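[1] Dropping a prediction and its sequence here:
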Protein chains: 2
Amino acid sequence: MSEAAELDAADPLAGFRDEFELPEGVIYLDGNSLGPLPKAARARMREVVETQWGVSLIRGWNDHDWMGAPTRVGDAIAGLIGAGQGEVIVADSTSANLFKLAVAAMQARPDRKVVLSEPGDFPTDLYMLEGAVRTLGQGRRLELRPAEAIEAALSEDVAVLVLCHAHYKTARIRDMTRLTAAAQAVGALVIWDLSHSAGVLEVDLNGCNADLAVGCGYKYLNGGPGAPAFLFVARRHQETLVSPLSGWMGHQAPFTFQDAYDPALGIQRFACGTPPVLGVSALECGVDIAARAGARAIRAKAAALTDLFIRRVEAGPAAAELRLVTPREAGLRGGHVSYAHPDGYAIVQALIARGVIGDFRDPDIARFGFSPLPLSFAEVARAADILGEVVATAQYDQPRFRQRAAVT
Amino acid sequence: MSEAAELDAADPLAGFRDEFELPEGVIYLDGNSLGPLPKAARARMREVVETQWGVSLIRGWNDHDWMGAPTRVGDAIAGLIGAGQGEVIVADSTSANLFKLAVAAMQARPDRKVVLSEPGDFPTDLYMLEGAVRTLGQGRRLELRPAEAIEAALSEDVAVLVLCHAHYKTARIRDMTRLTAAAQAVGALVIWDLSHSAGVLEVDLNGCNADLAVGCGYKYLNGGPGAPAFLFVARRHQETLVSPLSGWMGHQAPFTFQDAYDPALGIQRFACGTPPVLGVSALECGVDIAARAGARAIRAKAAALTDLFIRRVEAGPAAAELRLVTPREAGLRGGHVSYAHPDGYAIVQALIARGVIGDFRDPDIARFGFSPLPLSFAEVARAADILGEVVATAQYDQPRFRQRAAVT
């Protein structure tokens, strides 16, 4: 029995693979970018569109609890990221949620002018922070410091530190406990972006005394293309922080139609517009699968899958040509593995042509995501072999032009 | 032949009714709150979920042009509201879009401190404006003036005037041409909320020299529960206004993953996060139907449907008890008709029990929406008769408690 077959035989999560629709002939290593379709979501979407919308019509808001879906799904996500019930809500996009929390955090620290983050962190986070400081004005600014200089840059002028927990390119995991404590020691708040963590790593927000977090629904939570995102606000901050996007769904009594904004108590105040029912419904199916599998088991399988892939590539014919940019130590590594190669773009294209779907990130990164629930060890071993063969025998086009990759 | 039957026989839009799924035994007068399911959306959502997401996976961004959907659907909406190609994009919620445009407009008029609107206008608009002025700070404030006092309140301290084109409660239509000109005469910008207009009225944004607008996807555009919204920015403003929600989808080159935000040229800069593919796809089906019917014909039928309803109620047994709060003159009236009655809530519940679905708005408003494409004149006549009978014979429970109505 091969090593991969042994790992599959011993995998307590092996049964979850059958809960996803996966096309024949594809080894899908891009579940970190867009997770595959849960079979339950296929059925759920027929039900939501054809029966709930089609038949219940406006009554769906009550009869199918569309109104409660954002907090219901938020509570399910909470169990995956170490948050409590009533601390997470599904709403808007990751970008918009980051804006809400960054502005609210800066307004809670009005005398501090700096938002601190890291260059090369996920771009939309940096763009949103630029927008947030430009909007608040009054001397506020975004300062970017390399990972190793973040702690030294924490001062009493820092209102909020914003970092991705797992880096979108390298998969390096930040030390959430340590950085949260360091920022709080100077009186700053911290916002964690869990986009590459939720549904693949074991996050313990409350164990780290985290303040605030945002995250993505369409990656490891398998919520569908452009799924709504989520946000976390620790209970101790819920009554003091106010969302700048103070829409009616965050109002204490949205259907009294009063003119003045009274923020809801609790996490609901961070909602804004009408909930995107189709998107939340699909997301609920993906989150449900992860919740049943449990974050600890998922994280263990992610470590084992990435470990197998790295070892297998290293034992293969292209080991010398592929430079691993992901940490070798499993505890420092998220759910994906990235290699730098000058022909990274062409290599990814050649792999896709062979049914191994990964993605490319500027300037030279071939990135492979190992979503634990829809993948088997056998597939991962096979993908490593194909990568080795393609690179070692240069079975790819020489790059002629750079086509931009799709959504991360 | 009855009047209603004659009107149906002569209705050039009668054939569109068959493009919607409508449950048996229901006369649906709440399409102004949640439009019914287009049959095309039923098929489209199966395709998008099961084939595009399920099989194409990440390749869907290119293979099915998910990335282009927000501007493609925006262009289709543009044709319904008198906007040009490249002036409308589908994104986020109406609330979030209003925030983007209000902040951008205030930043374009930095010396002016006032955002002007009307008390009793749709609440989330007022809440978002509160949030926008609180976020920008520096003495900015929201001033509310009754409809008749708006023009007198326009001064050189007004940065932006924000009004709903058709009022959510009374259906009264504002004079877009006149108010736009009056605001521009003092150097202010104007944001129109078209939530109760798009897909039912003939809006001519460019004919009015409009600056900015937002609107809802789930009402008369039949985009599904919580559908994404749209926004309009006149071409002359597109290079100068900058969205505070400066997310990667509004970046000039989102997939170069650079650290600094360079806003896209054109309407794309008002996008923020990853497009909600499921929601945009459903919305496209609803918009397509309206685009084929054409705004002029839709508007004419809306006027005729509401006219028939009002006349029929007045000729019926409850005329004296129901106070019309919607303008009697068709040219001043949107797509819904509202009556005040002390037992409004109970009356609406009794009608729902008889299959006539309208809704209730505080404190005493029974509201009936006449979405032109899914409704026949015969249904509207029958609904008027049932309303008359229920009220005249007091066939409703006396109000015991107020249950809040669902999403407007």
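    Ah, there it is. Since the model is a prediction, treat every value here as computed from it, not as a measurement.
[2] How is chain A divided into domains?
    Chain A breaks down by automatic domain parsing into domains covering A:3-30+A:295-392, A:42-293.
[3] The ones you listed into CSV, with extra columns for distance to B:Gly217 and mean neighbour count?
    All C-beta spots, glycine's among them, are computed from the backbone N, C-alpha and C. Listed next are the domains of chain A as CSV, based on distance: least, CB to CB, whole Å; neighbours: other CB atoms under 10 Å in any protein chain shown:
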stretch, distance to B:Gly217, mean neighbour count
domain A:3-30+A:295-392, 28, 20
domain A:42-293, 10, 22
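[4] Indicate which one of those is closest to B:Gly358.
    Nearest to B:Gly358, of all those, is domain A:42-293, at 9.4 Å by CB to CB.
[5] can you tell me which helix or strand the closest residue to A:Ala69 other than its chain neighbours belongs to?
    Among residues not flanking A:Ala69 along the chain, A:Val280 sits closest, at 4.5 Å (CB to CB, 6 or more residues apart in numbering or on different chains). For A:Val280, the host element (DSSP states H and E) is helix A:277-293.
[6] Moving C-terminal from the biggest strand by length in chain A, which element do we reach first?
    Across chain A, the longest stretch assigned as strand under DSSP state E is strand A:158-164. Later in the chain than strand A:158-164, the nearest helix or strand by DSSP H and E is helix A:176-185.
[7] Just the C-alpha atoms of that following helix, please, in CSV.
    Listed next in CSV are the C-alpha coordinates belonging to helix A:176-185 (Å, rounded to 0.1, in the frame of the first residue of the first chain):
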residue,chain,number,x,y,z
MET,A,176,-2.0,35.7,16.7
THR,A,177,-1.5,35.4,20.4
ARG,A,178,1.8,37.2,20.5
LEU,A,179,0.9,40.0,18.1
THR,A,180,-2.5,40.6,19.7
ALA,A,181,-0.9,40.9,23.1
ALA,A,182,1.9,43.2,21.7
ALA,A,183,-0.6,45.5,20.1
GLN,A,184,-2.9,45.6,23.1
ALA,A,185,0.1,46.4,25.3
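[8] what does it rub up against?
    Residues outside helix A:176-185 that contact it (CB atoms under 8 Å, 6 or more residues apart in numbering or on different chains): A:150-151, A:154, A:158, A:161, A:163, A:165, A:189-190, A:192, A:203-205, A:207-211.
[9] tilt between that helix and strand A:158-164?
    Angle of helix A:176-185 versus strand A:158-164, following axes from the mean of the first three to the mean of the last three CA atoms, to 10 degrees, is 170 degrees.
[10] Please state the offset of helix A:176-185 from the chain centre?
    21 Å (CA atoms, centre = their mean, to the nearest Å).
[11] Can you name the next helix or strand after it?
    Downstream of helix A:176-185, the first helix or strand assigned by DSSP H and E is strand A:189-193.
[12] quick one: the residue nearest to A:Pro38 when sequence neighbours are not counted and B:Ala394, what's the gap?
    In space, and not counting its chain neighbours, A:Pro38 is closest to A:Cys285: 4.6 Å by CB to CB, 6+ apart. For A:Cys285, the distance to B:Ala394 equals 47 Å [CB to CB, to the nearest Å].
[13] Would you state the helices of the stretch 1-150 of chain A in chain order?
    A:3-10, A:39-46, A:60-63, A:69-78, A:94-108, A:123-136, A:150-153 (DSSP state H, counting those that start in this stretch).
[14] centre of the chain versus the last one, how much separation?
    Yep, that's helix A:150-153 we're talking about. For helix A:150-153, the separation from the chain centroid amounts to 25 Å (computed by CA atoms, centre = their mean).
[15] who touches that helix?
    The contact list for helix A:150-153 (CB under 8 Å, 6+ apart) reads A:Leu116, A:Glu118, A:Glu143, A:Arg145, A:Leu161, A:Leu163, A:Leu179, A:Ala182.
[16] Could you export these as a markdown table, including pLDDT?
    Formatted as a markdown table, those follow (pLDDT from 0 to 100):
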| residue | pLDDT |
| --- | --- |
| A:Leu116 | 98 |
| A:Glu118 | 97 |
| A:Glu143 | 98 |
| A:Arg145 | 98 |
| A:Leu161 | 98 |
| A:Leu163 | 98 |
| A:Leu179 | 98 |
| A:Ala182 | 98 |
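[17] Tell me who's in contact with the residue in the stretch 201-350 of chain A positioned nearest to chain B.
    Taking CB to the nearest CB as the measure, the stretch 201-350 of chain A has A:Gly273 as its residue closest to chain B, at 2.5 Å. Contacts for A:Gly273 (CB under 8 Å, 6+ apart) come out as A:Asp92, A:Gly247, A:Trp248, A:Met249, B:Asp92, B:Ser93, B:Thr94, B:Ser95, B:Ala96, B:Thr124, B:Gly226, B:Ala229.
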